[in-house]
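Chemist: Build me a structure from this.
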Amino acid sequence: MTNSLKIKCLNIYENLAKEIIDKSSIINIKVGDLLYSKGETADCFYFIKDGLLALIDTSPNGAEILLRVFGNNFFIGHRSFIANEEFHASAEALKDSIVYKLPFKSTSDLLDQSPNILLHITQMLARDLRMSEERLNAFNGKRVASRIIDALVFLKQRQESYQWTRKEIGEFCGAKTETVTRTLSNLESLSLIAKDGRSIIIPDLQKLLDYKDALDLEA
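Modeler: Numbers count the residues shown, from 1 in each chain. The predicted model follows:
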């Protein structure tokens, strides 16, 4: 996967029309706050200009489930908006974030005003569907690594000082402890994480997220 293709696929901010940006509402959301809650009507969707949000659901036994982590230049809430459904999970800020609430009222409105955004989202949904099918069939190695990175970022942002074990990270994202160990060792060899005793340090969060996005595209 070349860098130019990755940018074309993931960084649409440069192609957002100025009139779309000007019509959007800017939301400053603090760490720990919800952008939206599960069950709310998805009468809009959002674009993360700068920040980090987690999509979170709750299992039947009340346990919190991490579905995905979204960083800079990603849409969020788009699937429910296009499907004309309620939000299927809650979006929580893992750090202070700047989010655009985009000015579209329906899929038809989106098609009329900005077909390039709809095309981009369609490509994203097709990719997400492929990854879901892989997850149901057999956990693809690259996709497992992506889930481990999501879990690591989420847990570190939630409780930065806690020394998360490989077993805890694996339990949170459905990966075996030995797989977590191999993935963390690989990330350390790439200087995407570092260790200080038992603590895991993320020197550059955006570089780690960029690496994860590349894995998703190549998987």
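Chemist: residue contacts, the residue of the chain most remote from its centre?
Modeler: The outermost residue of the chain relative to its centre, with distances by C-alpha atoms, centre = their mean, is G197 at 28.5 Å. Shown in contact with G197 (C-beta atoms under 8 Å, 6 or more residues apart in numbering): Q163. For glycine as for every other residue, the C-beta is placed from the backbone atoms N, C-alpha and C.
Chemist: Nearest residue to the middle of the chain?
Modeler: The residue lying closest to the centre of the chain (C-alpha atoms, centre = their mean) is F70, at 2.4 Å.
Chemist: thinking that one is in contact with I48, fair?
Modeler: Yes: using C-beta atoms under 8 Å, F70 is in contact with I48, at 5.9 Å.
Chemist: Helices of the protein, start to end?
Modeler: 3-10, 18-23, 78-83, 107-113, 115-137, 141-158, 166-173, 177-189, 205-218 (DSSP state H).
Chemist: Is it possible to get a markdown table of these that adds mean pLDDT, distance to G39 and mean neighbour count?
Modeler: Formatted as a markdown table, the helices of the chain follow (pLDDT from 0 to 100; distance: least, C-beta to C-beta, whole Å; neighbours: other C-beta atoms under 10 Å):
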| stretch | mean pLDDT | distance to G39 | mean neighbour count |
| --- | --- | --- | --- |
| helix 3-10 | 38 | 29 | 13 |
| helix 18-23 | 83 | 27 | 12 |
| helix 78-83 | 91 | 10 | 20 |
| helix 107-113 | 88 | 21 | 14 |
| helix 115-137 | 72 | 21 | 13 |
| helix 141-158 | 84 | 21 | 21 |
| helix 166-173 | 84 | 23 | 18 |
| helix 177-189 | 94 | 32 | 16 |
| helix 205-218 | 85 | 27 | 17 |
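Chemist: List just the one of those that sits closest to I65.
Modeler: helix 166-173 (8.8 Å; C-beta to C-beta).
Chemist: So which elements touch the closest one?
Modeler: helix 141-158, helix 177-189 (3 or more C-beta pairs under 8 Å, 6 or more residues apart in numbering; DSSP states H and E).
Chemist: tell me the angle that helix makes with helix 141-158.
Modeler: Angle between the axes of helix 166-173 and helix 141-158 is 100 degrees (criterion: axes from the mean of the first three to the mean of the last three C-alpha atoms, to 10 degrees).
Chemist: Outside of helix 166-173 itself, list whatever touches it.
Modeler: 66, 147-148, 150-152, 154-155, 175-177, 179-181, 184.
Chemist: And for stretch 58-66?
Modeler: Residues contacting stretch 58-66 (C-beta under 8 Å, 6+ apart): 38, 54-57, 150-151, 154, 172-173.
Chemist: could you redo the last one with a cut-off of 10 Å?
Modeler: 38, 54-57, 89-90, 92, 147, 150-151, 153-155, 158, 172-174 (C-beta atoms under 10 Å, 6 or more residues apart in numbering).
Chemist: end to end, how far does it reach?
Modeler: 9 Å (C-alpha to C-alpha, to the nearest Å).
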